[in-house]
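*Asks:* Predicted model and sequence follow; I will ask about them next.
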Amino acid sequence: MPLIFMKNYFIYILECSDKSYYIGVTNNLEKRRAEHQSGIHEGYTSLRLPVKLVYSSSFNDITEAINFEKQIKGWSRKKKEALMRGDFDALVLLSKSKTKTSTTISQSSTSSD
């Protein structure tokens, strides 16, 4: 039976010098972090150096990694920080809070003629 090598993909969060967060996906976390730190790629992080890796998670499937990256990018700062802390109770509460707020806004913006 042939050996199957699974490639890992990483979702990562960098904290920039201005305390903002940058979220990305890579298959070589250390190399990508070094590229951001060196400013080799012009863009968001190159204007906010230095950067610090504050979170990473690995995936076997690139599609799953990209989907999680997109999901996190839509989260509030508090929810991102709960993820970084590994505070899954807070993640659940912050998710419920947003759902409740969205439902209230939807109901209050409905008008009847």
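*Replies:* Thanks, I have the structure now.
*Asks:* and the residue positioned nearest the centre of the chain, what are its phi and psi?
*Replies:* Central residue of the chain (C-alpha atoms, centre = their mean): residue 72, 3.9 Å from the mean position. Phi and psi for residue 72, reported as degrees, to the nearest 10, are phi -60, psi -40.
*Asks:* Please name the spatially closest residue to it (chain neighbours excluded).
*Replies:* By the measure of C-beta to C-beta, 6 or more residues apart in numbering, the closest residue to residue 72 outside its immediate chain neighbours is residue 23, 5.5 Å from it. No exception for glycine: its C-beta is placed from N, CA and C like everyone else's.
*Asks:* can you give me the helices for the chain?
*Replies:* Along the chain, the segments classed as helices by DSSP state H run 29-38, 62-73, 77-85, 88-108.
*Asks:* Identify the residues contacting the third one?
*Replies:* If I follow you right, that is helix 77-85. 13, 21, 54, 55, 72, 75, 88, 90, 91, 94, 95, 98 (C-beta atoms under 8 Å, 6 or more residues apart in numbering).
*Asks:* residues contacting the second one?
*Replies:* It stands for residue 21. Residue 21 touches 13, 14, 15, 54, 77, 80, counting by C-beta under 8 Å, 6+ apart.
*Asks:* before we move on, back to that, what distance do you get for the residue nearest to residue 72 to residue 96?
*Replies:* 23 Å (C-beta to C-beta, to the nearest Å).
*Asks:* repeat for residue 54
*Replies:* 25 Å.
*Asks:* what ranges of this structure fall below the confidence cut-off?
*Replies:* Counting by pLDDT under 70, the chain contains low-confidence ranges at 1-6, 97-113.
*Asks:* and the helices of the chain as TSV, adding distance to residue 45?
*Replies:* Output for the helices of the chain, formatted as TSV (distance: least, C-beta to C-beta, whole Å):
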stretch	distance to residue 45
helix 29-38	5
helix 62-73	15
helix 77-85	16
helix 88-108	25
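*Asks:* quick one, which of those is nearest to residue 7?
*Replies:* Comparing the helices of the chain against residue 7 with C-beta to C-beta, the closest turns out to be helix 62-73 (8.1 Å).
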